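Visitor: Based on what follows, work out the 3D shape:
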Amino acid sequence: MADTPSADDARKDLEKQIADLKKEVAALSKQFSARGERLYDDLRDSTEDGYEAVAGRARSAAKHIREQAQAVSGAMRENPGTTATVLSSAGLVGFLVGLFVGQLLSDNHRR
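Guide: Numbers count the residues shown, from 1 in each chain. Presented below is the predicted three-dimensional model:
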């Protein structure tokens, strides 16, 4: 009967196994937590880098557009007659294109 483990020995063995499992789960939890933090930090860093690059390009583009708008505005102030002629010509061309497209659509609709 010495070969059969007693209930007390079986309980102690199970308690030891449970304690070992708890230690393994805690270690795995720490590893996953550390990996998650590293992944988060890497993702955040790459996102910040991308944002900074896009923001720099956007600032540069806005500056360029502002400069071009000021140049056009200055040219319009210096040449009001030319500006009026160009704008009225553009309006006339737009009107004629509209008439042409309208005529084409109306011919297609009749067929």
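
Visitor: Run through the residues that contact Lys30.
Guide: The contact partners of Lys30, taken as Cβ atoms under 8 Å, 6 or more residues apart in numbering, number zero. Using the backbone N, CA and C atoms, a C-beta is placed for each residue, glycine as well.

Visitor: Secondary structure element holding it?
Guide: Remark: Lys30 resides in helix 7-78, with elements defined by DSSP states H and E.

Visitor: Do me a favour and average the pLDDT over the helix or strand following that helix.
Guide: On the C-terminal side of helix 7-78, the nearest following helix or strand under DSSP H and E is helix 80-110. Helix 80-110 shows an average pLDDT of 90 in the prediction.

Visitor: so helix 80-110 versus helix 7-78, what angle?
Guide: Here helix 80-110 points in a direction 120 degrees away from that of helix 7-78 (axes from the mean of the first three to the mean of the last three Cα atoms, to 10 degrees).

Visitor: list the buried ones in helix 80-110?
Guide: Of the residues in helix 80-110, none count as buried by neighbour count, 16 or more other Cβ atoms under 10 Å.

Visitor: One more: stretch 46-64?
Guide: Along stretch 46-64, not one residue counts as buried under the neighbour rule (16+ other Cβ under 10 Å).

Visitor: List the residues that contact Lys12.
Guide: Not one residue lies near Lys12 by Cβ under 8 Å, 6+ apart.

Visitor: now Ile65: how far from Ala55?
Guide: In this structure, Ile65 and Ala55 are 16 Å apart, going by Cβ to Cβ, to the nearest Å.

Visitor: Break this protein down into its structural domains.
Guide: Following automatic domain parsing, one gets these domains for the chain: 1-78, 80-111.

Visitor: I'm done for today, thanks for sticking with me.
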